[in-house]
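Chemist: Mind looking at a prediction? Sequence and model below.
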Amino acid sequence: MKLSSYLAALVLGALPLAAQAQKTAPAAPVTLAQAEPQIRKALAARLPNMPKIEEVRATPIAGLYELRLGASDIFYTDAKGDYLFQGEMLDTKTRRNLTQSRLDQLTAVDFKTLPIKDAIVLKYGNGSRKLAVFEDPNCSYCHHFEAALAKVKDVTVYVFLYPILGAKSSAMSKDIWCAKDKAKVWQDWMLRKVAPPAAPAQCDASALARNVEFGRKNRINGTPALLFTNGKRIPGAADTATLENCWPKTNKPATGTGTASASTRASRSARASANSVSQHALLLIVLLFFDCFFLIDFFKYCHAACF
């Protein structure tokens with residue numbers, strides 16, 4: 001076969017393969033800016049009763065997008081809005097629940113915004129650590145939590161009465177809130193089952209309604225609900241060990257490890273500077289030493305050449 005015929009056969013044979021490759025070539029990845037309008041349009045047309053989409057975000061999975069409805073309802077969809085599902089996304093490499101992490105971010109409460117004036121204040125030890133908790137006096141899990149909390153040292157607890165279990169809870173919360181010593185009456189009931197005295201008729205218990213409003217606004221849907229100063233939230237009762245792990249650790253460096261103090265860093269810097277000076281001085285002495293030998297050899301050479 002001639003070379004030209006052979007090349008022509010190769011080209012003709014490659015054409016179908018090229019066409020097939022072009023058909024099966026992966027499409028260019030869709031960006032969030034491209035996908036978001038299509039997602040909103042498709043879901044609005046197909047699910048007209050669906051709540052408003054507040055936010056569309058990309059996820060670690062190519063082609064999968066997160067939808068936020070309302071304050072913190074999370075759904076997932078594809079780039080065309082053809083499929084919609086709700087569930088949890090897990091990162092198997094890190095064993096991290098990405099959906100829960102996102103929910104924690106969305107529902108985090110800035111501790112500084114808490115209406116402390118509407119809380120019962122309990123102090124254990126020096127009270128250096130802080131915790132806020134929303135509790136219903138008739139919640140059995142809250143009773144278990146209070147027993148665990150009593151074993152924790154050095155914490156100030158802000159208890160927000162949160163009567164969501166019915167009329168009896170509302171009445172008992174009012175009795176506790178209107179007591180002269182709120183903290184004692186609360187602990188007597190939660191730890192020792194000593195019922196609070198009846199509230200006087202003229203008592204202002206409007207704080208309870210404000211607590212319920214605050215809780216609903218921040219999606220506190222059950223009791224107890226624990227809020228920490230670092231934004232962490234725990235829904236449900238926690239034991240003593242769990243509580244201890246939720247507070248930021250102190251910055252005391254361990255022996256031989258951790259972050260050095262300012263005085264330690266200054267001392268290290270001074271030693272490093274001294275070592276550097278010593279090294280330079282030693283180098284200078286060595287150079288002078290060799291220079292002396294060079295001069296001696298030079299004079300010997302001159303003496304031999306001249307005399």
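Modeler: Received it, and whenever you're ready, just let me know what you need.
Chemist: pLDDT weak spots in the stretch 201-307 of the chain?
Modeler: Scanning the stretch 201-307 of the chain for pLDDT under 70 picks out the ranges 249-307.
Chemist: let's see 90
Modeler: Scanning the stretch 201-307 of the chain for pLDDT under 90 picks out 201, 217-219, 221, 230-307.
Chemist: Do a quick rundown of the strands in the protein.
Modeler: Using DSSP state E, the strands of the chain run over residues 53-58, 64-69, 73-78, 84-85, 90-91, 96-97, 120-124, 129-135, 155-161, 225-228, 233-235.
Chemist: Of all those, which one is nearest residue 171?
Modeler: Closest to residue 171 of those, according to Cβ to Cβ: strand 155-161, at 11.6 Å. In short, each C-beta sits where N, CA and C put it, glycine included.
Chemist: now the closest one: mean pLDDT?
Modeler: The average of the pLDDT scores along strand 155-161 is 96.
Chemist: what does stretch 109-124 give?
Modeler: On average, stretch 109-124 scores 93.
Chemist: Check the separation of the first and last residues in it.
Modeler: Stretch 109-124 has an end-to-end distance of 23 Å (Cα to Cα, to the nearest Å).
Chemist: roughly how far out does that stretch sit from the chain middle?
Modeler: Its chain's C-alpha centre and that of stretch 109-124 lie 21 Å apart, by Cα atoms, centre = their mean, to the nearest Å.
Chemist: Can you list the neighbours in contact with that stretch?
Modeler: For stretch 109-124, contacts defined as Cβ atoms under 8 Å, 6 or more residues apart in numbering pick out 130, 132, 149-150, 152-161, 176-177, 182-183, 186-187, 207, 210-211, 214, 218, 227-229, 231, 233.
Chemist: just the buried members of these?
Modeler: 130, 132, 149, 152, 155-161, 176-177, 182, 186-187, 207, 211, 214, 218, 227-229, 233 (16 or more other Cβ atoms under 10 Å).
Chemist: still on that earlier bit, would you convert the strands of the chain into TSV that also reports distance to residue 46?
Modeler: Below are the strands of the chain laid out as TSV (distance: least, Cβ to Cβ, whole Å):
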stretch	distance to residue 46
strand 53-58	13
strand 64-69	14
strand 73-78	11
strand 84-85	9
strand 90-91	28
strand 96-97	29
strand 120-124	50
strand 129-135	38
strand 155-161	42
strand 225-228	36
strand 233-235	33
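Chemist: Kindly state which of these is positioned closest to residue 199.
Modeler: Nearest of these (Cβ to Cβ): strand 155-161, 12.1 Å.
Chemist: what's the angle between that closest one and strand 120-124?
Modeler: Angle, strand 155-161 to strand 120-124, by axes from the mean of the first three to the mean of the last three Cα atoms, to 10 degrees: 160 degrees.
Chemist: could you pull out the helices for the stretch 151-300 of the chain?
Modeler: Using DSSP state H, counting those that start in this stretch, the helices of the stretch 151-300 of the chain run over residues 167-177, 182-192, 206-217, 240-246, 262-306.
Chemist: Which residues are in contact with residue 155?
Modeler: Contacts of residue 155 by Cβ under 8 Å, 6+ apart are 123-125, 127-131, 149, 247.
Chemist: among the strands of the chain, which is nearest residue 198?
Modeler: strand 155-161 (16.0 Å).
Chemist: Relative to the closest one, what are the paired strands and their orientations?
Modeler: strand 120-124 (antiparallel), strand 129-135 (parallel) (DSSP bridges).
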